[in-house]
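# Build me a structure from this.
(2 chains)
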Protein chains: 2
Amino acid sequence: MEVTNKYVTTKNHIDGAPKESDFELQSTILALSVEPGSNDVIVKNLYVSIDPYQLNRMKSYSSSQKAINLSTRHSPGQVIDAYGAGKVVASANPGFEKDDLVVGMIGWEEYSVVRGSSMLKKVAKEFPLSYHVGILGFSGLTAYGGFYNVCKPQKGEKVFVSAASGSVGNLVGQFAKLFGCYVVGCAGSKQKVDLLKDKLGFDDAFNYKEESDLKSALKRYFPNGIDIYFDNVGGEMLEAAVDNMNISGRVAVCGVISEYTGTGRRSAPDMLDVVYKRLTIQGFLAADHMCVYTDFISLTSDHLRHGTIHPLEDISQGIENIPMAFAGLFHGDNIGKKMVQIAED
Amino acid sequence: MEVTNKYVTTKNHIDGAPKESDFELQSTILALSVEPGSNDVIVKNLYVSIDPYQLNRMKSYSSSQKAINLSTRHSPGQVIDAYGAGKVVASANPGFEKDDLVVGMIGWEEYSVVRGSSMLKKVAKEFPLSYHVGILGFSGLTAYGGFYNVCKPQKGEKVFVSAASGSVGNLVGQFAKLFGCYVVGCAGSKQKVDLLKDKLGFDDAFNYKEESDLKSALKRYFPNGIDIYFDNVGGEMLEAAVDNMNISGRVAVCGVISEYTGTGRRSAPDMLDVVYKRLTIQGFLAADHMCVYTDFISLTSDHLRHGTIHPLEDISQGIENIPMAFAGLFHGDNIGKKMVQIAED
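Residues are numbered from 1 along each chain as shown, chains lettered A, B, ... in the order given. Take a look at the predicted model:
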């Protein structure tokens, strides 16, 4: 059986903020059959993840972006890799059967052929499938690994999270509260700020767009200083946080969204503060924290069962809406984990 | 018995590069006697340390310099605290006797009254007294604690040291070579560069003043990247190092001399590199590494006995030359540990 497999790709490298017109929908013919012994699995994709870091792969090469080569670089016209969830339609891999629900690296396309099994994982039906893309997926692991392994929290410490209503930030705040920290988040609208305080249990939150002086704002929210800053944005906010950090403070650098589009100015944190306050600024990728994956799934599943953690999802419908969903990330359109549902569960 | 005790002090707060005219020599009358039971010790100072960080204490208060409040701030007219070595002339402290040689926090003055014993330590006569101010003193501990505890080296790793002929840098390079790392240093003159390569055993060294593009220079000296950067300078050099760091690289931020005088521009390392290469940038102070003090003294003394480590000292004579020696630090005048000998041993 053959299908038309629609996929989203880029028309060109993207060096500024992405626009819908940078993308186009293409299609190929795909045979839904696998060669025996090949280990291949064909997945009908149901949910795909929409993440800011994907923009870094779409840029043209320049020396300042060379670090991105360490992840997979995307070429215009190719299928765009993405984390996501789907249903197995054909398998030559003994680990997977037709109709298994799976998560892993698929793509912004209707069907993905996954070669080998290491990139896929079967999931049970206890939770909605979308949870496995967000709170139980890579966003969740990023928040968990970053908070526990990089921030090395102690109970009672004061935690600041930027982009706190984003896919990772909202979970960092929730993990930090559950762990016994004092947590303040910032976000870019009143609606997001209210949600952080009223629904997610943050101790406080503020709209950074209403603050003319971020250093003073943080001083107001943290009169006794910040112990941990979970940084999703970089830029001026990182400078302001460093200014307000306590001795032995830790900054986990998860993302630099203010700089991904090349529009924000680079962060220049005061290195005298870094020395005298013995600060640690540490970048990380979730993939380095697979060692805590089992703990992460176990703890987060328990909290989901008890209703003590809240999945925050922002799901658009239809593969044709992926470009809009992606471009919207850089305007702060999403509230929580951005996904696109490509087909019905 | 009374003496005239000369001391160096500042005439004003110093916010740019220090000039000799910012300082003056003052004197008081000091009775060389201690009150029984007081625990006081009077030290005749022989060598005093001249360190860049002391400038941070001399600045006027500004919000950007608030971190410095965490160390002792200096007020114009006061005696200036400094690490140094001397001889006990009077003691009401059972731990010290007349003629003991001691090191610890004294001041830029001929005699210091040290209250309590925690700031002083007796030293044996095995090595020249000046060694206890430099290679066996706080500069040595800074290099040792920073290299072993903060950089967490592995044999064979590639280490870059800036201000590599300075009091701390030259020892970091020597410790790193003895540990089995590949070490390249940078300094500001041909004489210094030659010394690093020919006398101190650095694998390579370069004069940063002759490089128009620091990123390319580091790429040339580290074609396979830098694993550890021991940063004494901040500014552009930190940016260039981050650009050339390998995955899981570590930056130990020991000093930011390019920014102490307020003349250099702030460092804005690429945070995308920090994330994708999972870099750790960590500030530290030697005082936090007292836990390795015994190991440091033991290892370094052994190397001194075997001639496998080289003390690099730059000693001026006479208390009246302290201002010139101090101002000279910010012009790169010193080669190795800067001290002033105030009196004969």
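
# any idea which element the residue nearest the centre of chain A lies in?
In chain A, the C-alpha nearest the mean C-alpha coordinate belongs to residue A:139, at 4.4 Å (Cα atoms, centre = their mean). Following DSSP states H and E, one finds residue A:139 within helix A:138-145.

# near chain B, which residues of chain A show up?
Within chain A, the positions adjacent to chain B are A:56, A:63-65, A:67-68, A:70-71, A:215, A:234, A:238, A:243, A:247, A:253-256, A:259-260, A:265-268, A:270-285, A:288 by Cβ under 8 Å from any Cβ of the partner chain. (C-beta placed from N, C-alpha, C; glycine too.)

# for chain A, what's the longest strand?
Ranked by number of residues, the top strand in chain A under DSSP state E is strand A:81-91.

# CA atoms only: put that one into CSV for me.
The C-alpha trace of strand A:81-91 is given here as CSV (Å, rounded to 0.1, in the frame of the first residue of the first chain):
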residue,chain,number,x,y,z
ASP,A,81,13.5,16.0,12.4
ALA,A,82,11.3,16.5,15.4
TYR,A,83,10.4,14.7,18.6
GLY,A,84,6.9,13.3,18.5
ALA,A,85,4.5,10.4,19.0
GLY,A,86,2.6,8.1,16.7
LYS,A,87,1.3,4.7,15.9
VAL,A,88,3.2,1.9,14.2
VAL,A,89,1.8,1.0,10.8
ALA,A,90,4.5,-1.5,9.7
SER,A,91,7.5,-3.0,11.5
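
# Could you list every helix and strand in contact with it?
The helices and strands touching strand A:81-91, judged by 3 or more Cβ pairs under 8 Å, 6 or more residues apart in numbering or on different chains; DSSP states H and E, are strand A:41-49, strand A:101-107.

# Pull the distance from the worst-scoring helix or strand of chain A on mean pLDDT to the chain's centre.
Within chain A, no helix or strand scores below helix A:257-260, which has a mean of 82 by mean pLDDT, DSSP states H and E. Averaged C-alpha coordinates place helix A:257-260 at 14 Å from its chain's average position (Cα atoms, centre = their mean, to the nearest Å).

# do the same with stretch A:226-246
Averaging C-alpha positions (Cα atoms, centre = their mean) puts stretch A:226-246 19 Å from its chain's average.

# quick one on the thing from earlier: my read is that the residue nearest to the centre of chain A contacts residue A:170, right?
No: between residue A:139 and residue A:170 there is no contact under Cβ atoms under 8 Å: 9.1 Å.

# State the mean pLDDT of the longest helix belonging to chain A.
Using DSSP state H to define each element, chain A has its longest helix at helix A:293-306. The average pLDDT for helix A:293-306 rounds to 97.

# how about whatever helix or strand comes next after it: buried residues?
Note on helix A:293-306: by DSSP H and E, the next helix or strand toward the C-terminus is strand A:313-317. Residues of strand A:313-317 classed as buried by neighbour count (16 or more other Cβ atoms under 10 Å in any protein chain shown): A:313-316.

# Adjacent strands (with direction) for the next helix or strand after the helix holding residue A:139?
Where DSSP H and E defines the elements, the next helix or strand beyond helix A:138-145 is strand A:158-161. In the sheet, strand A:158-161 lines up against strand A:182-187 (parallel), strand A:226-231 (parallel) (DSSP bridges).

# Identify the residues contacting the residue nearest to the centre of chain A.
Counting by Cβ atoms under 8 Å, 6 or more residues apart in numbering or on different chains, residue A:139 makes contact with A:49, A:51, A:133, A:167-168, A:171, A:337.

# do the same with residue A:179
Residues near residue A:179 by Cβ under 8 Å, 6+ apart: A:147, A:153, A:155.

# leaving aside the residues next to it on the chain, what's closest to the last one?
To tie it back to what came earlier, the one meant is residue A:155. residue A:180 (3.8 Å; Cβ to Cβ, 6 or more residues apart in numbering or on different chains).

# Check whether that neighbour really touches residue A:203, as I assumed.
No: the pair residue A:180 / residue A:203 is not scored as a contact, 11.6 Å apart, by Cβ under 8 Å.

# Those two: which has the busier surroundings?
Neighbours were counted for residue A:180 and for residue A:203 using other Cβ atoms under 10 Å in any protein chain shown; residue A:203 has more, 17 against 11.

# Settle this for me: that one is touching residue A:176, isn't it.
No: using Cβ under 8 Å, residue A:203 is not in contact with residue A:176, being 9.7 Å away.

# Which residues are in contact with each of these two?
residue A:183.

# now, which of the buried residues of strand A:313-317 sits nearest residue A:8?
Distance to residue A:8 across the buried residues of strand A:313-317 (Cβ to Cβ) is lowest for residue A:316, with 12.3 Å.

# Show me what that closest one bridges to in the sheet.
Beta-bridge pairing for residue A:316 (DSSP bridges): residue A:340.

# List the residues that contact the nearest residue to residue A:88 once chain neighbours are set aside.
Computed as Cβ to Cβ, 6+ apart, the closest residue to residue A:88 that is not its neighbour in sequence is residue A:100, at 4.4 Å. Each residue near residue A:100 by Cβ under 8 Å, 6+ apart is listed here: A:87-88, A:91, A:122.

# how about those residues in JSON lines, adding neighbour count and pLDDT?
Formatted as JSON lines, the contacts of residue A:100 follow (neighbours: other Cβ atoms under 10 Å in any protein chain shown; pLDDT from 0 to 100):
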{"residue": "A:87", "neighbour count": "16", "pLDDT": "97"}
{"residue": "A:88", "neighbour count": "20", "pLDDT": "97"}
{"residue": "A:91", "neighbour count": "23", "pLDDT": "96"}
{"residue": "A:122", "neighbour count": "14", "pLDDT": "95"}
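
# Pipe these into a markdown table and attach distance to residue A:27 per row.
Shown next, in a markdown table, are the contacts of residue A:100 (distance: Cβ to Cβ, whole Å):
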| residue | distance to residue A:27 |
| --- | --- |
| A:87 | 20 |
| A:88 | 21 |
| A:91 | 23 |
| A:122 | 28 |
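
# and which of these is nearest to chain B?
Using Cβ to the nearest Cβ, residue A:122 comes nearest to chain B of the contacts of residue A:100, at 29.2 Å.

# My read is that residue A:1 contacts residue A:34, right?
No: assessed by Cβ under 8 Å, residue A:1 is found out of contact with residue A:34, at 12.0 Å.

# For these two, indicate the residue with more neighbours.
Neighbours per residue (other Cβ under 10 Å) separate residue A:1 from residue A:34, with residue A:34 holding more: 17 against 8.

# can I assume that one is in contact with residue A:92?
Yes: here residue A:34 lies in contact with residue A:92, judged by Cβ under 8 Å, at a distance of 3.9 Å.

# any common contacting residues for those two?
A:40-41.

# how close does residue A:95 sit to residue A:297?
According to Cβ to Cβ, to the nearest Å, residue A:95 and residue A:297 sit 18 Å apart.
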